[in-house]
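1. pasting the sequence and the predicted model now:
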Amino acid sequence: MAGRGGNRSRLLLVILLVTSLFLITLDLRGVSITDKSRSATQTFLSPIQRGVSTLFSPVGNFFSNIKNFGTTKSQINDLKRENAQLKAKVIFNEDTAGKLKKLRGALNLAGRAGYTVVAARVIGKGSASTFSQTITLDAGMADGVRKNMTVTGAYGLVGVVKDVTASSCVVLLMSDPTFRIGVRIARSQSVGVVIGQGDGNFVLQLLDPSGEIKKGDVLVSLGSDGNRPFVPGVPVGRVTSVNDTSASLTQEAGVKGFENLNSLGVVTIITKAAAQDPRNALVPTPEPTVTIYVTPKPSVDSMTISPTPTPTPKSSKGK
């Protein structure tokens, strides 16, 4: 048994030696068995490799996404934060532009009349539970503001200062039902009183028995003794309707205020009136109506066409 096993080992060794010599001989002669075998093996294994790669690629991507999830989430949060900051900046810019526009209008109104003013921002509005309609401004005694000073906007009267602290003040809006102001009609100089109605509409009671009210009349403040609480010449509103009933003892009319009291952002407080009454200097002038005349083109049917005669050529005789 042992001899038979030894013979097999020697036979295997001989076969291996002969095979090695055979391969070496072929290689020296330029025959590359190894490359051909490798190429055949690669051709056989390529479909298997592609299948395995396709099968396990989602798994690899999944674990890669898990690995990068923290970084991706951080980037998304950064983008959200940046987007929120950009939105806030846009809102701030729009708000600032709106306030600058109102401030420019208010200062222009005060400048034309010669008033000395303090500009102030609206920082609060009166509670709906109270009967008074008020706003709070960020200007107070430290800025020269005192009680019973006239408050104006870009187009006209807003109200009157009723309470003052060191750094703020409370303004009673002209829309409050308790609000009263003496006015005159810019056209006729007739005198009356405008009364608040709780919104942007007011009632004018004419105190001049012989006076006349017309729709479209502009009302300006009459002024108070010592310019408190009202300075003269401030635009108040425009007459929108006239009450023609004879039952009333005084003539009455409906009035629309020039200022939109629901969109106040920046106002001015008149700390000193003009040296002279501005009279009608601040009365808003209506924009002119532009009339466009269009001349229609004449149609072909209505045109008279006269044919132009063709001149007869002259014949010249030879001499």
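-> Structure's in. What do you need? These figures come from a predicted structure and were not determined experimentally. Residues are numbered from 1 along each chain as shown.

2. all contacts plus neighbour counts: C-alpha atoms, from now on.
-> Fine.

3. just the helices in this protein please.
-> Using DSSP state H, the helices of the chain run over 2-28, 33-113.

4. dump stretch 146-160 to PDB, restricted to CA.
-> Only the C-alpha atoms of stretch 146-160 are listed here, as PDB (Å, rounded to 0.1, in the frame of the first residue of the first chain):
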ATOM      1  CA  ARG A 146     -45.400 118.900  24.700                       C
ATOM      2  CA  LYS A 147     -49.100 118.200  25.300                       C
ATOM      3  CA  ASN A 148     -51.700 119.700  22.900                       C
ATOM      4  CA  MET A 149     -49.300 119.800  19.900                       C
ATOM      5  CA  THR A 150     -50.600 119.300  16.300                       C
ATOM      6  CA  VAL A 151     -49.600 116.000  14.600                       C
ATOM      7  CA  THR A 152     -49.500 115.800  10.800                       C
ATOM      8  CA  GLY A 153     -48.600 113.200   8.100                       C
ATOM      9  CA  ALA A 154     -47.600 113.400   4.500                       C
ATOM     10  CA  TYR A 155     -51.100 114.700   3.400                       C
ATOM     11  CA  GLY A 156     -52.600 116.500   6.300                       C
ATOM     12  CA  LEU A 157     -53.900 116.300   9.900                       C
ATOM     13  CA  VAL A 158     -53.400 113.200  12.000                       C
ATOM     14  CA  GLY A 159     -54.400 114.300  15.500                       C
ATOM     15  CA  VAL A 160     -53.200 116.000  18.700                       C
END
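
5. pull out the buried positions in that stretch.
-> 146-160 (16 or more other CA atoms under 10 Å).

6. low pLDDT regions in the stretch 101-250 of the chain?
-> Filtered on pLDDT under 70, the stretch 101-250 of the chain yields the residue ranges 101-103, 105, 127-131, 245-248.

7. and if we set it to 50?
-> Applying pLDDT under 50 to the stretch 101-250 of the chain picks out residues 129.

8. do you know how far residue 77 is from residue 84?
-> Separation of residue 77 from residue 84 (CA to CA, to the nearest Å): 11 Å.

9. residue 255 too?
-> The separation that residue 255 has from residue 84, given CA to CA, amounts to 44 Å.

10. so between the two, which is more surrounded?
-> The neighbour count for residue 255 versus residue 84, taken as other CA atoms under 10 Å, is higher for residue 255 (26 against 12).

11. give the burial count for the closest residue to residue 133 other than its chain neighbours, as a bare number.
-> Nearest residue to residue 133 in three dimensions, chain neighbours excluded: residue 176, at 5.3 Å (CA to CA, 6 or more residues apart in numbering). Other residues lying near residue 176 total 20 when counted by other CA under 10 Å.

12. residue 194 is in contact with residue 176, correct?
-> No - in this structure residue 176 lies outside contact range of residue 194 using CA atoms under 8 Å: 11.4 Å.

13. touching both of the two, which residues are there?
-> Counting by CA atoms under 8 Å, 6 or more residues apart in numbering, residue 176 and residue 194 have no contacts in common.

14. what's near enough to touch the nearest residue to residue 192 once chain neighbours are set aside?
-> In space, residue 192 comes closest to residue 206 once its chain neighbours are excluded; the distance is 4.1 Å by CA to CA, 6+ apart. By CA under 8 Å, 6+ apart, the contact list for residue 206 reads 190-193, 250-252.
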